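Visitor: following is a predicted model, sequence given first.
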Amino acid sequence: MKKLDTAISLYKIDGMKGVGRVVKEKILGVFGSSRLIKPHFLVDVEDVLACDFDTNPKIFDSDSKKGPYVFNWVVHPPGRGSGGHQNMFRFIRFLEEAGHKCRIYLYSAHSKPTIERVRENIKVGYDQLEASIEWLDGEMEPADAIFATGWETAYPVYNQESSSRRFYFVQDFEPYFYTVGSEHKLAENTYKFGFTGITAGRWLTSKLRDEYSMKCDFYDFGVDSTIYKMTNNETRKKVFFYARPVTPRRGFELGLLALKKFHEKNPDVEIVMAGWDVSNYEIDFEYTDLGVSDVEDLPGIYNTCAAALVLSFSNLSLLPLELLSCGAIPVVNKGANNEMVADNEYIQYCESSPGALAKALDEAVNRSDQVEYAKKASESVSAQSWKESGERFVSIIEGEMSG
């Protein structure tokens, strides 16, 4: 699965050229070529070696001053439909609306697609920004602060010669993306760099403070109710599954087991899957495969479903609140990583077992008051706007910058 993740990441960034390069190196290694295989990480090895955070730590304490400020953001090139990038652009826009200037620097240890190609992948979100976008090549333009946005970007951000303040826009606990080993540890080390973390929800702030003594604050999740809203007031006979087999933390296999049990009891309920093309997976019940859906299509999909299975074994997905706003009841696995982020009473938290998840879906779909309950669920998130999250985010940043 890890090799598949790497191949998919390379394909999104550099097409078959990137995938082919790695495959060629592996084949050469197997058949005894004199060319040695080079370890591949998301981060450039030279950036890791240059980052002496433990033996020669840097202190990022540029003088406090009044704004407006200039912020540089270092970002891994986005793939199509990347929710993490769309959320990041949302908060860059909040800074711009508050009068600050932002620049986006792309960073990749593998390949550098053209800026035009990158723009094609980020039409949603980036098109509303004034921020420039270019590849990071050595030192960047002077800024009052620099943002790391993923573990691999934290290394070049740390290594910049500037004493500018360092922020870490943390959307998930990224060591969980890997088995325990080199990449797990390289990701974990970034929480010890001395950056100020701004996290998506309070679970990450709690975890990074308690386990790494990292200075952190958080913003709450929101929902854009102008996009995600309840438009279907009829009884629904569909269930949605956020299917991401290429993302282990989304529990694809466990979800299939739960849906199999659910389907056995509810054969007349259509199961709709979106998030990835799963047509080449062996799934022994009927389902509709929507693949990677465009963002603008999601509200319509959600409005056809009575319930949705959204598993997460790291930070909570953005989907549960969006589903609620459309009147679909999310069924989510129990855990502080989810419940500390959203304690909404209409999210059905349950144990991470096929039986418990199937039962929760069954109860949500077959409620006698399904339509009325869906309306209440939608109303429960009507006040959770991204505007409030953005105001808190900007306030945190400006407070740090001004001292």
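Guide: Ah, there it is. Numbering: from 1, shown residues only.
Visitor: tell me if T235 really is in a helix.
Guide: No. T235: not assigned to a helix; according to DSSP: H, G, I helix; E, B strand; the rest coil it is coil.
Visitor: would you agree it is in contact with V371?
Guide: Yes. Counting by CB atoms under 8 Å, V371 is a contact partner of T235 at 6.0 Å. The C-beta positions use only the backbone N, C-alpha and C, and glycine is treated the same way.
Visitor: comparing these two, which residue is more hemmed in?
Guide: Taking other CB atoms under 10 Å, T235 and V371 do not tie; V371 has more neighbours (15 against 11).
Visitor: quick check on the more buried one: phi, psi?
Guide: phi -70, psi -50 (degrees, to the nearest 10).
Visitor: start at 46 instead
Guide: Okay, residue one is now 46; in that scheme the one you just asked about reads as V416.
Visitor: so what's it up against?
Guide: N278, E279, T280 (CB atoms under 8 Å, 6 or more residues apart in numbering).
Visitor: any idea how far N277 is from it?
Guide: Distance from V416 to N277, counting by CB to CB, to the nearest Å: 9 Å.
Visitor: got a list of contacts for stretch 113-120?
Guide: By CB under 8 Å, 6+ apart, stretch 113-120 touches 130, 133, 137, 140, 143-152, 176, 181, 185-195, 198, 201-202, 209, 212, 214, 442-443, 446.
Visitor: and if we set it to 6 Å?
Guide: 144-152, 185, 188-194, 198, 202, 446 (CB atoms under 6 Å, 6 or more residues apart in numbering).
Visitor: in it, what's buried?
Guide: Y114, V115, F116, N117, W118, V119, V120 (16 or more other CB atoms under 10 Å).
Visitor: doesn't the third one belong to a strand?
Guide: When you say that, I think you mean F116. Yes. According to three-state DSSP, F116 belongs to a strand.
Visitor: how about the nearest residue to it, chain neighbours excluded?
Guide: Distances taken as CB to CB, 6 or more residues apart in numbering place C147 nearest to F116, at 4.9 Å, with adjacent residues excluded.
Visitor: from memory that neighbour sits against I137, does it?
Guide: Yes. Between C147 and I137 there is a contact under CB atoms under 6 Å: 5.0 Å.
Visitor: work out for me the element I149 sits within.
Guide: Under the criterion DSSP states H and E, the helix or strand holding I149 is strand 146-151.
Visitor: check which helices and strands that strand is in contact with.
Guide: Where contact means 3 or more CB pairs under 6 Å, 6 or more residues apart in numbering; DSSP states H and E, strand 146-151 is packed against strand 115-120, helix 128-142, strand 177-180.
Visitor: may I see the buried residues of stretch 229-242?
Guide: Those would be H229, L231, A232, E233, N234, T235, Y236, F238, G239, F240, T241, G242, for stretch 229-242 by 16+ other CB under 10 Å.
Visitor: any chance of the residues you listed in TSV, plus secondary structure, distance to N382 and pLDDT?
Guide: Output for the buried residues of stretch 229-242, formatted as TSV (DSSP: H, G, I helix; E, B strand; the rest coil; distance: CB to CB, whole Å; pLDDT from 0 to 100):
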residue	secondary structure	distance to N382	pLDDT
H229	helix	17	97
L231	helix	21	98
A232	helix	16	98
E233	helix	16	98
N234	helix	21	98
T235	helix	19	98
Y236	helix	16	98
F238	coil	23	98
G239	coil	25	96
F240	coil	21	97
T241	strand	22	97
G242	strand	16	98
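Visitor: distance to G345 for the residues you listed - can I get that in JSON lines?
Guide: Output for the buried residues of stretch 229-242, formatted as JSON lines (distance: CB to CB, whole Å):
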{"residue": "H229", "distance to G345": "39"}
{"residue": "L231", "distance to G345": "41"}
{"residue": "A232", "distance to G345": "36"}
{"residue": "E233", "distance to G345": "40"}
{"residue": "N234", "distance to G345": "43"}
{"residue": "T235", "distance to G345": "39"}
{"residue": "Y236", "distance to G345": "39"}
{"residue": "F238", "distance to G345": "43"}
{"residue": "G239", "distance to G345": "45"}
{"residue": "F240", "distance to G345": "40"}
{"residue": "T241", "distance to G345": "39"}
{"residue": "G242", "distance to G345": "36"}
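Visitor: tell me the mean pLDDT for stretch 435-448?
Guide: Averaged across stretch 435-448, pLDDT comes to 95.
Visitor: quick one on the thing from earlier: between the contacts of V416, which is closest to F438?
Guide: N278 (34.6 Å; CB to CB).
Visitor: pick out the residue nearest the middle of the chain.
Guide: G129 (3.7 Å; CA atoms, centre = their mean).
Visitor: so that one touches Q216, yeah?
Guide: Yes. G129 sits in contact with Q216 when judged by CB under 6 Å, with a separation of 5.4 Å.
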